[in-house]
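1. Here is my input; please provide its structure:
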Amino acid sequence: MSHPNWPKGIKKTKQREAIWSVLTKSTKPITAIDIAKQLGTGSTTWMSTIYRTLEMLETKGLVTRTTLRGSDIAYYEITPHTHRHYAVCTECGAMIPLLHCPVVEMPQELIDLGFTVTEHHLEIAGICKNCKK
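-> Got it, this is the predicted structure:
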């Protein structure tokens, strides 16, 4: 899977490039703390810079922010071209991406009301196979 190059119209800084690099290499949504850990202790990128950069990238539609039910921890990922859903382990927090959207058809009661869906969020919670052991 090829990741987007530096986004057009965004001023390049060393810190922003480092954050963008971590986001584009990640195969799943990650937290700002995860980004800081991947940048390492030698990094001059502060948490406030990471949060500001993520907020700016989200505003530009380049990054998608997800907050899991019952948690105030935000996860970030490069905005996928198709929307994605995840199953989340309630024990370890592992996020398993679903390749297909399980919401395949509009509920009849919404059709009857003439309701137009512009987006939806679906969260599946459970226990992953590692935590079941």
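2. My read is that residue 73 contacts residue 67, right?
-> Yes: judged on Cβ atoms under 8 Å, residue 73 makes contact with residue 67 at a distance of 7.0 Å. No exception for glycine: its C-beta is placed from N, CA and C like everyone else's.
3. Could you report the distance from the nearest residue to residue 17 once chain neighbours are set aside to residue 37?
-> Spatial nearest neighbour of residue 17, excluding adjacent residues (Cβ to Cβ, 6 or more residues apart in numbering): residue 6 at 7.2 Å. Counting by Cβ to Cβ, to the nearest Å, the gap from residue 6 to residue 37 is 23 Å.
4. just residue 29 next, same as before
-> Counting by Cβ to Cβ - residue 29 and residue 37 are separated by 15 Å.
5. who's more crowded, these two?
-> More neighbours surround residue 29 than the other of residue 29 and residue 37, with 21 against 13 (other Cβ atoms under 10 Å).
6. Need the pLDDT of the more buried one.
-> pLDDT recorded at residue 29 is 88.
7. What is the least confident helix or strand in this protein?
-> Counting by mean pLDDT, DSSP states H and E, the weakest-scoring helix or strand in the chain turns out to be strand 95-98, with a mean of 81.
8. pull the CA atoms of that strand into PDB?
-> Output in PDB follows, covering the C-alpha atoms of strand 95-98 (Å, rounded to 0.1, in the frame of the first residue of the first chain):
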ATOM      1  CA  MET A  95      -7.800  -2.700  17.000                       C
ATOM      2  CA  ILE A  96      -8.700  -5.200  14.300                       C
ATOM      3  CA  PRO A  97      -9.600  -3.400  11.000                       C
ATOM      4  CA  LEU A  98     -12.600  -4.700   9.100                       C
END
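9. low pLDDT regions in the chain?
-> Low-confidence segments of the chain (pLDDT under 70): 1-4, 81-83, 104.
10. Domain map for it?
-> The chain breaks down into these domains under automatic domain parsing: 1-81, 82-133.
11. That'll do, ta.
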